[in-house]
Each structure stands twice: as structure tokens, then as C-alpha cells.
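[1] coordinates only, sequence not included:
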């Protein structure tokens, strides 16, 4: 009989994360022939490209005396440690020790599975044998590879807070009315009724509005003719690594303009227990060519950064015992997500305890709704 599996901690501020999962670690444009480091799930990761353009991800530590390999240099496709000159090929195998002829047979650094899709690099931090690229969210469904939409990479927003704080901020539309006042709504989102749907590991929150005044930023972004729209606001949470804010607009006074779609796509990647990266991209019907578009959105999302870092600092100061939380109906998306994350972490623990590999969760590729609940 195996021991009972320890329950996963999913308290925002100190929540755990699964390792057998795909995460965006960089935009494609960031990684080239220069050695680059980025932390992911607490691991230091070295990123670079071979001469043929293949992206490589290695554990960023020389096993000789612990120097970060990112502080070395690239010789062809070989990484040379900047401390004692040990060299590692793109598979992470040590191929040269300058001070002796023989190279220890087991001397190597871990190479992480890496997949380049759209303009992102996806990394697998867990068991390499489980790194199935089919588990990466469908980029056409996200809007990034939808030929009817124009997609564009935007920016990285690092936040000094636990990843679950950032994720729950994204799945909560009610804060839009107050923290981002006047940018995405005209004060009506928080009180609007919502319904929750779940399809495997995709959790969706939907709000619909009729004859709604449109904020100036949205009107300019989508080249709308009038100042009132019918709108659907859909928040799609793909487990814990991907989030999409979908705006669907129609203009009742100008039906000839047709339907306008705007998808704000954000990949969420824990850097460590108290750090997270948000990789923002946009996919929309009408290309947004305004020169200030990226800076404008970054300014808005930095309001989230300020709030989340303040929450994390308060949590660290007081501790979980003095930071109780009370959930309301609008938190249904967050609570559903916590349950899925706990299931993933506990499945990994059970596997480690039993000495078997976990069976990763899969999201069904069809659009059938597994469950639906309405909140009024």
C-alpha cells in the first residue's frame, strides 16, 4: 500500500505548479546566437540557437563548479563555460575538458524539450518522456494561427508575485471596472451576469452586453464607426499556461461593418515560487496599426503588476494564517482552476510515490461543453 499523497497547495501567494506541462519561455525573436538565461519553475534555463536556427534549452549550470553557462560563450554550436573552459554540445553532453584528455562519461547538463510554435518557444520542465506537443494549446483556436485574424507578438511583463495571483487576476473580469477604469468597459462589467463553462482543462467565463457605450481605446483599436456596440466578453483559461480575453463586437447602428473580433492572448509562465512572466500577444479582425498600441496595452497591464506585487508583499508580511480569503460567485473560474492545478500536482506526486509515470491531462479537441453553470 502506498502512502497517501500530500495535498497540493493552491493558496495564491504560495501556490505550487506542475512540471509535466508546457510553458512559454520566450518569444521566438528573443532567442538567437547569443546565450540567454531565463528562469522557469525555479530552474535556470540557458537558451540559444544553433547555426541552423534550432532553438536549444539547457540547464544553466556547469556541473564542474557551478558557473552559469549563460556567462560563457558559443563556439559554433558548442557552449563553452566561462570559468574553466568545459564545453557542452547542443544535447548537453560535455565533449571537452581542457585540463585533461578524458571526459567523464556521465558529465552532462539536462536538455529540456522545446517546441517553436507561432512566435513562441514552448518548454517542458518535467519528464521528457511525457513531452507530447499535442498538449500545447491549439494556436488556431487561440486566434494566433487563424487566417481570418491578424496576429502580432507584443511584450513580456515580469511580475514579482506567485503565478496563481497573476492567473486569477486574468480570469477575474470584475476587477476591470475598477483597476482599469475606463479602458475596457464603461463601468458595467463587474455587475454583469456571467456563465461558466468547462471543456476538459479549458474553463470559460462569458458575459454579454447589449447597446453598450464603447470606451475610446476600444473604439480606436477596432476602427468602430459608432459609440455603442453589442459585445461578448469571453475569458478563456487554458489550464494554467494560457489565457485569452476574447472581445466580439457588432455595431447595431452599422450592421454593414460586420463582426469585429479582438483576442488578447497571454501566456502565463512561473519563473519561480514568487515570480511569473506574462507573454502578451494580440489577434484581431482589423489590424491595429496605431504606433502607440503596444505601449498603451502595457501601461494598462502594469496596473495589474502593481496590484499583484502589493498583494504578494502583504501575503509575505502577514503569512497565510493572517491572510484569509472569502470567495464570491464571480470567483467560480478561479476556484475551478485551482481544483485542476491541484489535480495535476497531486498526480505528479502520486507517480513519484508509486514509481510510475503520470498520465497527463488532455483537453478534448472538439468544442463540446462538458459542464455549464449559470450565475445570476
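    Thanks, I have it. All values reported here derive from a predicted model rather than from experimental measurement.
[2] Please count neighbours and contacts with C-alpha atoms only from this point.
    OK.
[3] residue ranges for the helices of the stretch 151-300 of the chain, please.
    Taking DSSP state H, counting those that start in this stretch as the criterion, the stretch 151-300 of the chain carries its helices at 163-171, 176-179, 216-221, 293-318.
[4] Nearest to residue 235, out of those helices?
    helix 163-171 (6.2 Å; Cα to Cα).
[5] how close does the spatially closest residue to residue 217 that is not a sequence neighbour get to residue 282?
    Once flanking residues are discounted, residue 217 sits nearest to residue 183: 6.3 Å by Cα to Cα, 6 or more residues apart in numbering. Separation of residue 183 from residue 282 (Cα to Cα, to the nearest Å): 16 Å.
[6] Those two: who's more crowded?
    residue 282 (23 against 19; other Cα atoms under 10 Å).
[7] pLDDT score for the nearest residue to that one once chain neighbours are set aside?
    The spatial neighbour of residue 282 that comes closest, neighbours along the chain excluded (Cα to Cα, 6+ apart), is residue 264 at 4.9 Å. Note on residue 264: pLDDT of 96.
[8] which residues does residue 264 bridge with?
    On DSSP bridges, the residues paired with residue 264 through beta bridges are residue 245, residue 282.
[9] Which among the helices of the stretch 151-300 of the chain is found nearest to residue 188?
    Among the helices of the stretch 151-300 of the chain, helix 176-179 sits nearest to residue 188 (Cα to Cα), with 6.8 Å.
[10] give me the beta-bridge partners of residue 268?
    residue 278.
[11] need the contact list for the residue nearest to residue 217.
    215-218, 300 (Cα atoms under 8 Å, 6 or more residues apart in numbering).
[12] So which of those is the closest to residue 41?
    Distances from residue 41 to those, taken by Cα to Cα, are shortest for residue 300, at 26.2 Å.
[13] what's around residue 351, how many residues?
    14.
[14] so how far is stretch 214-230 from its chain's centroid?
    28 Å (Cα atoms, centre = their mean, to the nearest Å).
[15] Go through it and flag the buried ones.
    For stretch 214-230, the neighbour count (16 or more other Cα atoms under 10 Å) marks 214-215, 217-219, 221-222, 224, 228-230 as buried.
[16] Stretch 257-267 too?
    Here stretch 257-267 shows 260-267 as buried, counting by 16+ other Cα under 10 Å.
[17] want to throw these into JSON lines with distance to residue 34?
    Shown next, in JSON lines, are those (distance: Cα to Cα, whole Å):
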{"residue": "260", "distance to residue 34": "40"}
{"residue": "261", "distance to residue 34": "37"}
{"residue": "262", "distance to residue 34": "35"}
{"residue": "263", "distance to residue 34": "32"}
{"residue": "264", "distance to residue 34": "30"}
{"residue": "265", "distance to residue 34": "27"}
{"residue": "266", "distance to residue 34": "26"}
{"residue": "267", "distance to residue 34": "24"}
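[18] Quick check: of those residues, which lies closest to residue 15?
    Nearest to residue 15 among those, counting by Cα to Cα, is residue 267 at 17.7 Å.
[19] Distance check, the closest one against residue 100.
    45 Å.
[20] Also residue 251?
    For residue 251 relative to residue 100 (Cα to Cα), the value is 74 Å.
[21] Likewise for residue 5?
    Applying Cα to Cα to residue 5 and residue 100 gives a distance of 47 Å.
[22] These two - which one has more neighbours?
    Taking other Cα under 10 Å, residue 5 and residue 100 do not tie; residue 5 has more neighbours (14 against 7).
[23] What are the neighbouring residues in contact with the more buried one?
    By Cα under 8 Å, 6+ apart, residue 5 lies in contact with 346, 349-350, 353.
[24] quick one: which of those is nearest to residue 69?
    Nearest to residue 69 among these, with distances taken as Cα to Cα, is residue 349, at 30.5 Å.
[25] Quick check: phi and psi on the closest one?
    Backbone torsions for residue 349, taken as degrees, to the nearest 10, come to phi -70, psi -40.
[26] wait, what's in contact with it?
    Taking Cα under 8 Å, 6+ apart, one finds 5-6 in contact with residue 349.
[27] Please apply the same query to residue 218.
    Residue 218 makes contact with 183-184 under the criterion Cα under 8 Å, 6+ apart.
[28] Can you lay out the contacts of residue 183 as JSON lines showing pLDDT and distance to residue 125?
    JSON lines is the format used below for the contacts of residue 183 (pLDDT from 0 to 100; distance: Cα to Cα, whole Å):
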{"residue": "215", "pLDDT": "79", "distance to residue 125": "41"}
{"residue": "216", "pLDDT": "80", "distance to residue 125": "42"}
{"residue": "217", "pLDDT": "78", "distance to residue 125": "38"}
{"residue": "218", "pLDDT": "78", "distance to residue 125": "37"}
{"residue": "300", "pLDDT": "92", "distance to residue 125": "31"}
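[29] Columns distance to residue 134 on top of the residues you listed, output as JSON lines?
    Below are those laid out as JSON lines (distance: Cα to Cα, whole Å):
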{"residue": "215", "distance to residue 134": "38"}
{"residue": "216", "distance to residue 134": "40"}
{"residue": "217", "distance to residue 134": "36"}
{"residue": "218", "distance to residue 134": "34"}
{"residue": "300", "distance to residue 134": "33"}
